[in-house]
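Q: Sequence first, then the predicted structure, then my questions.
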Amino acid sequence: MPRNLSQIAFGERSYIVDAPSEAGAESKDQEIQFDIETIFRAQYERVARVIAKVVRDPARAEELAVEVFLKLWRNQQAQSHKTQGWLYCAAVRMGVDELRRQTRRTRYERLFGFGDGVRTPEEILTTTEEQERVRLVLGVINRRHAELLLLRSDDFSYDEVASALDLNPASIGTLLSRAQQAFRKEYIKRYGAQ
(Lines give C-alpha, C1' and ligand atoms only; values in the text may rest on other atoms or scores of the structure.)
Protein backbone atom coordinates (compact mmCIF):
# COMPACT_ATOMS: atom_id res chain seq x y z
CA MET A 1 0.00 0.00 0.00
CA PRO A 2 1.63 3.28 -1.09
CA ARG A 3 2.02 5.93 1.58
CA ASN A 4 2.10 9.69 1.16
CA LEU A 5 5.02 10.86 3.19
CA SER A 6 6.21 14.44 3.32
CA GLN A 7 9.65 15.40 4.47
CA ILE A 8 10.18 18.72 6.19
CA ALA A 9 13.64 19.97 7.02
CA PHE A 10 14.28 22.35 9.93
CA GLY A 11 17.94 23.27 10.23
CA GLU A 12 19.88 20.03 10.40
CA ARG A 13 16.90 17.88 11.39
CA SER A 14 14.37 16.32 9.08
CA TYR A 15 10.88 15.27 10.02
CA ILE A 16 8.76 12.80 8.13
CA VAL A 17 5.04 13.42 8.30
CA ASP A 18 2.44 10.88 7.29
CA ALA A 19 -0.33 13.40 6.49
CA PRO A 20 -3.28 11.10 5.71
CA SER A 21 -2.83 8.98 8.83
CA GLU A 22 -2.45 12.03 11.10
CA ALA A 23 -5.53 13.67 9.60
CA GLY A 24 -7.44 10.43 10.06
CA ALA A 25 -6.28 10.14 13.66
CA GLU A 26 -7.36 13.73 14.33
CA SER A 27 -10.86 13.17 12.91
CA LYS A 28 -11.15 9.92 14.89
CA ASP A 29 -10.15 11.82 18.05
CA GLN A 30 -12.96 14.31 17.39
CA GLU A 31 -15.44 11.47 16.89
CA ILE A 32 -14.27 9.78 20.07
CA GLN A 33 -14.26 13.06 22.01
CA PHE A 34 -17.95 13.68 21.37
CA ASP A 35 -19.87 10.74 22.69
CA ILE A 36 -23.45 11.87 23.34
CA GLU A 37 -24.26 8.82 25.45
CA THR A 38 -21.36 9.44 27.83
CA ILE A 39 -22.16 13.13 28.10
CA PHE A 40 -25.83 12.33 28.68
CA ARG A 41 -25.04 9.90 31.48
CA ALA A 42 -22.60 12.31 33.11
CA GLN A 43 -24.67 15.51 32.83
CA TYR A 44 -28.35 14.54 32.67
CA GLU A 45 -29.11 14.75 36.39
CA ARG A 46 -27.47 18.16 36.77
CA VAL A 47 -29.22 19.54 33.70
CA ALA A 48 -32.57 18.25 35.00
CA ARG A 49 -31.89 19.84 38.42
CA VAL A 50 -31.08 23.20 36.82
CA ILE A 51 -34.36 23.13 34.91
CA ALA A 52 -36.31 21.91 37.98
CA LYS A 53 -35.11 24.95 39.95
CA VAL A 54 -36.80 27.15 37.38
CA VAL A 55 -40.00 25.25 36.60
CA ARG A 56 -40.56 23.68 40.05
CA ASP A 57 -41.81 20.45 38.46
CA PRO A 58 -39.27 17.59 38.52
CA ALA A 59 -41.16 15.42 36.02
CA ARG A 60 -41.45 18.24 33.48
CA ALA A 61 -37.79 19.16 34.14
CA GLU A 62 -36.74 15.64 33.17
CA GLU A 63 -38.67 15.90 29.90
CA LEU A 64 -37.08 19.26 29.13
CA ALA A 65 -33.61 17.92 29.99
CA VAL A 66 -34.05 15.26 27.31
CA GLU A 67 -35.00 18.03 24.85
CA VAL A 68 -31.79 19.90 25.75
CA PHE A 69 -29.75 16.81 24.89
CA LEU A 70 -31.65 16.40 21.62
CA LYS A 71 -30.74 19.97 20.75
CA LEU A 72 -27.12 19.23 21.59
CA TRP A 73 -27.17 16.16 19.38
CA ARG A 74 -28.57 18.20 16.46
CA ASN A 75 -26.23 21.17 16.97
CA GLN A 76 -22.76 20.39 15.59
CA GLN A 77 -21.35 23.71 16.81
CA ALA A 78 -22.22 22.88 20.42
CA GLN A 79 -20.33 19.61 20.20
CA SER A 80 -16.95 20.90 21.28
CA HIS A 81 -14.86 21.40 24.37
CA LYS A 82 -17.49 23.91 25.55
CA THR A 83 -20.33 21.38 25.55
CA GLN A 84 -20.88 21.50 29.29
CA GLY A 85 -21.34 25.28 29.31
CA TRP A 86 -23.64 25.06 26.33
CA LEU A 87 -25.74 22.44 28.12
CA TYR A 88 -26.31 24.59 31.19
CA CYS A 89 -27.04 27.69 29.18
CA ALA A 90 -29.54 25.72 27.09
CA ALA A 91 -31.03 24.21 30.27
CA VAL A 92 -31.62 27.63 31.82
CA ARG A 93 -33.17 28.93 28.60
CA MET A 94 -35.36 25.84 28.31
CA GLY A 95 -36.52 26.31 31.92
CA VAL A 96 -37.28 30.00 31.42
CA ASP A 97 -39.14 29.27 28.19
CA GLU A 98 -41.23 26.64 29.97
CA LEU A 99 -41.98 29.07 32.79
CA ARG A 100 -43.14 31.64 30.25
CA ARG A 101 -45.33 29.04 28.53
CA GLN A 102 -46.89 28.11 31.87
CA THR A 103 -47.52 31.76 32.72
CA ARG A 104 -49.04 32.42 29.31
CA ARG A 105 -51.18 29.28 29.52
CA THR A 106 -52.46 30.25 32.98
CA ARG A 107 -53.27 33.76 31.80
CA TYR A 108 -55.19 32.47 28.77
CA GLU A 109 -57.01 29.90 30.85
CA ARG A 110 -58.15 32.64 33.20
CA LEU A 111 -59.08 34.89 30.28
CA PHE A 112 -61.14 32.22 28.57
CA GLY A 113 -62.44 30.68 31.77
CA PHE A 114 -60.86 27.23 31.51
CA GLY A 115 -60.35 25.41 34.75
CA ASP A 116 -63.09 27.34 36.51
CA GLY A 117 -65.93 25.57 38.22
CA VAL A 118 -69.47 26.17 37.11
CA ARG A 119 -69.79 29.54 35.47
CA THR A 120 -72.73 31.85 35.50
CA PRO A 121 -74.38 33.00 32.29
CA GLU A 122 -72.95 36.49 32.90
CA GLU A 123 -69.41 35.08 33.10
CA ILE A 124 -69.95 33.09 29.91
CA LEU A 125 -71.28 36.21 28.15
CA THR A 126 -68.34 38.31 29.35
CA THR A 127 -65.84 35.71 28.15
CA THR A 128 -67.57 35.43 24.78
CA GLU A 129 -67.58 39.21 24.39
CA GLU A 130 -63.87 39.38 25.24
CA GLN A 131 -63.09 36.67 22.70
CA GLU A 132 -65.01 38.60 20.05
CA ARG A 133 -63.06 41.76 20.90
CA VAL A 134 -59.76 39.91 20.58
CA ARG A 135 -60.82 38.42 17.23
CA LEU A 136 -61.92 41.82 15.95
CA VAL A 137 -58.66 43.49 16.95
CA LEU A 138 -56.63 40.64 15.39
CA GLY A 139 -58.62 41.14 12.19
CA VAL A 140 -57.89 44.87 12.12
CA ILE A 141 -54.18 45.02 12.96
CA ASN A 142 -51.41 44.31 10.46
CA ARG A 143 -51.63 40.75 9.17
CA ARG A 144 -48.02 39.96 10.11
CA HIS A 145 -48.63 41.19 13.66
CA ALA A 146 -51.71 38.98 13.98
CA GLU A 147 -49.79 35.96 12.64
CA LEU A 148 -46.98 36.52 15.13
CA LEU A 149 -49.38 36.80 18.06
CA LEU A 150 -51.43 33.78 17.08
CA LEU A 151 -48.42 31.51 16.52
CA ARG A 152 -46.80 32.59 19.76
CA SER A 153 -50.07 32.10 21.68
CA ASP A 154 -50.06 28.50 20.41
CA ASP A 155 -46.71 28.01 22.20
CA PHE A 156 -44.60 28.14 19.05
CA SER A 157 -40.96 28.80 19.88
CA TYR A 158 -39.21 31.78 18.32
CA ASP A 159 -37.47 29.43 15.87
CA GLU A 160 -40.77 27.82 14.91
CA VAL A 161 -42.41 31.23 14.41
CA ALA A 162 -39.45 32.36 12.31
CA SER A 163 -39.62 29.22 10.20
CA ALA A 164 -43.39 29.43 9.73
CA LEU A 165 -43.31 33.10 8.71
CA ASP A 166 -39.96 32.95 6.88
CA LEU A 167 -38.33 35.50 9.19
CA ASN A 168 -34.93 35.83 10.82
CA PRO A 169 -35.11 34.07 14.22
CA ALA A 170 -33.03 36.84 15.80
CA SER A 171 -35.70 39.42 14.97
CA ILE A 172 -38.72 37.54 16.34
CA GLY A 173 -38.50 39.09 19.82
CA THR A 174 -38.55 42.62 18.43
CA LEU A 175 -41.29 41.85 15.92
CA LEU A 176 -43.39 40.16 18.60
CA SER A 177 -43.00 43.16 20.90
CA ARG A 178 -44.16 45.47 18.10
CA ALA A 179 -47.12 43.18 17.41
CA GLN A 180 -48.14 43.24 21.08
CA GLN A 181 -47.89 47.04 21.13
CA ALA A 182 -50.00 47.30 17.97
CA PHE A 183 -52.61 44.96 19.46
CA ARG A 184 -52.69 46.86 22.75
CA LYS A 185 -52.97 50.23 20.98
CA GLU A 186 -55.85 49.06 18.76
CA TYR A 187 -57.63 47.37 21.67
CA ILE A 188 -57.43 50.51 23.84
CA LYS A 189 -58.54 52.66 20.90
CA ARG A 190 -61.66 50.54 20.41
CA TYR A 191 -62.53 49.47 23.96
CA GLY A 192 -60.57 51.72 26.31
CA ALA A 193 -58.09 50.70 28.99
CA GLN A 194 -59.53 48.11 31.34
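A: Perfect, thanks for sending it. Numbering: from 1, shown residues only.

Q: Below-threshold pLDDT in this structure: ranges please.
A: Within the chain, the stretches falling below the threshold (pLDDT under 70) are 1-34, 113-119, 194.

Q: hey, where'd the helices end up in it?
A: For the chain, applying DSSP state H gives helices covering 19-33, 36-55, 58-74, 83-112, 121-140, 143-153, 158-165, 172-191.

Q: Would you mind giving those helices as JSON lines with mean neighbour count added?
A: Glycine gets a C-beta too; all of them are placed from N, C-alpha and C. Listed next are these as JSON lines, based on neighbours: other CB atoms under 10 Å:
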{"stretch": "helix 19-33", "mean neighbour count": "10"}
{"stretch": "helix 36-55", "mean neighbour count": "16"}
{"stretch": "helix 58-74", "mean neighbour count": "16"}
{"stretch": "helix 83-112", "mean neighbour count": "15"}
{"stretch": "helix 121-140", "mean neighbour count": "13"}
{"stretch": "helix 143-153", "mean neighbour count": "17"}
{"stretch": "helix 158-165", "mean neighbour count": "15"}
{"stretch": "helix 172-191", "mean neighbour count": "15"}
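
Q: Centroid-nearest residue for this protein?
A: The centroid of the chain falls nearest to residue 157 when counting by CA atoms, centre = their mean (5.7 Å).

Q: surely that residue meets residue 97?
A: Yes. With contact defined as CB atoms under 8 Å, residue 157 counts as touching residue 97 (7.1 Å).

Q: dump the residue contacts of the residue nearest to the centre of the chain.
A: Contacts for residue 157 (CB atoms under 8 Å, 6 or more residues apart in numbering) come out as residue 97.

Q: Now do it against residue 135, distance only.
A: From residue 157 over to residue 135 the distance is 24 Å, taken as CB to CB, to the nearest Å.
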